[in-house]
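Asks: I would like the atomic coordinates for the input below:
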Amino acid sequence: MLFDARARHMQPDRSSRLKGQQTSCFQLVSAGRRHAGRIMDQITFHHNTVLSDVHLLLPNSSHMMTRLNGVGQPVFISRFKILWSREESCDLGSPNRGEGLDCDTQEESRSRDETRSGTDGGVEPPLDEDGDLEVTRRHNLPERCTDRDMVHPVILSQAGEVEEEEEEEVEESRDLIKIEHTMATPLEDVGKQVWRGAFLLADLILSQPNTFKGATVLELGAGTGLTSVVMAMVAKMVYCTDVGEDLLSMCQKNVMLNKHFLEPTGGEVKVRQLDWLKHDFCINADEEFGWTEDEVADLYDNTAFIIAADVCYDDDLTDALFRTLYRICNQLHHPCTAYLSIEKRLNFTVRQMDVSCEAYDHFRHCLSELEEMKDGRTSFTVEQVSPNFPQCLQYERVELLELWKVTAAPI
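Replies: Numbers count the residues shown, from 1 in each chain. The predicted structure follows:
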């Protein structure tokens, strides 16, 4: 079993890399666990099964199976907590501004401050009867901190009865983003999982809402649509794009699950098909996820931002992404800024007999080629974005996450 989909895998053959293919890798242990509303505690993993760290490390949550999708894969729903109040801005101070910290962290922070004041401000640090420095231990914390929820790193467990009051409290919360997704998929279906790159982009959006306020935005390779939902909290129009009817249906469901976030600002999300391997938009108003001519015209006239979260894990798809980005930017009527998130995933290769990050290296090569391209139509400027903006969603922001900014301007 592989725990990281986009790094620890052998290169698949070319036919298995296309995102449009749908393959089920699940065998449920008993028929009784097939119905919606139950949690599975056993899954058969195939050799090419991959699992996102987001699902592996999600705290205080179990993954509730809701249904089977069109290709027989179990679909789960997870809730991701926003770490700031809707009434306040997330664009101030340090990550979390102390509000999202648990009691242990706040108490330890106070202890460190008290110790510093003893050395810098003349106040004696707390000492025990032997003269040793007295440090507050977690098990000695005041009672006000002992009622916090325990973190249980349970991924798949048998469903238990949930108290009605607890369910109502979760449903009424305005700080929980609900996302339907699959888990432990083959490589070609990793877009149906949630990845940390989507959270990094969401952090940028929530911490700098004025940057994207009222804008028209295109997301490439949207996957479950989490970043598009967050963007629609501040933007006017978001075109949430990917390929595959089953994946796009999941995106549409996630937009509906979180429509209460969009209603206050009037933001709108349109889920549409956009295949990077094709040169044109699928203009067909009769298809559920087809484009209309007016939508394509609006895209070219008004798009100010293009975003893509953690989609560069295969060289062929990375090439297709940059060709699509280049083609669209050349047809936009105004300058555009693209934000691309990526997680560097280290992998030991037999060919090099060393730890490397080939997918990331190819991504950086494509960025360099884009910036050096001189066709007389559009100029591209590339820069890395410093990750010092606040963390507004509950996930593990690792150092290997990066965010890149590409500015495209007509010549």
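
Asks: contacts, neighbours, all on C-alpha from now
Replies: Fine.

Asks: Mind pulling the model confidence for Ala36?
Replies: At Ala36, the model reports a pLDDT of 36.

Asks: which SS class is the residue lying closest to Gly225 once chain neighbours are set aside?
Replies: Nearest residue to Gly225 in three dimensions, chain neighbours excluded: Cys251, at 5.1 Å (CA to CA, 6 or more residues apart in numbering). Secondary structure, DSSP: H, G, I helix; E, B strand; the rest coil: Cys251 is helix.

Asks: From Gly223, how far out is Cys251?
Replies: Per CA to CA, to the nearest Å, Cys251 is found 7 Å from Gly223.

Asks: Okay, domains of the chain per the record?
Replies: The record's domain parsing of the chain by automatic domain parsing lists 14-85+168-410, 103-145.

Asks: model confidence over the shortest one, on average?
Replies: Mean per-residue pLDDT for domain 103-145: 50.

Asks: ok, Leu201 to Lys259 distance?
Replies: 19 Å.

Asks: Neighbour count: those two, which is higher?
Replies: Using other CA atoms under 10 Å as the criterion, Leu201 and Lys259 rank with Leu201 on top: 26 against 18.

Asks: right, and the more buried one touches Thr227 too?
Replies: Yes: counting by CA atoms under 8 Å, Thr227 is a contact partner of Leu201 at 6.9 Å.

Asks: overlap in contacts of the two?
Replies: In terms of CA atoms under 8 Å, 6 or more residues apart in numbering, Leu201 and Thr227 are both contacted by the residues Ala309.

Asks: which of the domains of the chain has the lowest average pLDDT?
Replies: Taking the mean pLDDT of those, domain 103-145 comes last: a mean of 50.

Asks: Check which residues of stretch 279-288 are buried.
Replies: Phe281, Cys282, Ile283 (16 or more other CA atoms under 10 Å).

Asks: nearest to Ser207, of these?
Replies: Taking CA to CA as the measure, Ser207 lies nearest Phe281 of the buried residues of stretch 279-288, at 32.1 Å.

Asks: need the contact list for the closest one.
Replies: Phe281 touches Gln273, Leu274, Asp275, Trp291, Val296, counting by CA under 8 Å, 6+ apart.

Asks: Neighbours of the last one, how many?
Replies: Neighbour count for Val296, taken as other CA under 10 Å: 13.

Asks: That one: what secondary structure?
Replies: Three-state assignment for Val296 (three-state DSSP): helix.

Asks: That one and Gly376, how far apart?
Replies: Between Val296 and Gly376 the distance is 24 Å, computed by CA to CA.

Asks: cool, the fourth one as well?
Replies: Applying CA to CA, one obtains 30 Å for the distance of Trp291 from Gly376.

Asks: Which one of those two is surrounded by more residues?
Replies: Neighbour tally, Trp291 and Gly376, criterion other CA under 10 Å: the higher count belongs to Trp291, 20 against 8.

Asks: what bridges to that one?
Replies: Beta-bridge partners for Trp291, by DSSP bridges, are Ile283.

Asks: That one contacts Ile283, correct?
Replies: Yes: the pair Trp291 / Ile283 is scored as a contact, 4.5 Å apart, by CA under 8 Å.

Asks: thinking again about what came up before, tell me the one of the buried residues of stretch 279-288 nearest Pro335?
Replies: Phe281 (20.5 Å).

Asks: Just read off the phi/psi values of the closest one.
Replies: phi -70, psi 150 (degrees, to the nearest 10).

Asks: can I assume Phe199 sits in a helix?
Replies: Yes: judged by three-state DSSP, Phe199 forms part of a helix.

Asks: As a check, name the ranges of all helices in the protein.
Replies: 53-57, 103-120, 164-172, 196-207, 209-212, 226-231, 245-257, 259-262, 293-302, 315-331, 358-372 (DSSP state H).

Asks: For the last one, give me every contacting residue.
Replies: It refers to helix 358-372. In contact with helix 358-372 (CA under 8 Å, 6+ apart) are residues 7, 312-315, 318-319, 322, 326, 342-345, 379-382.
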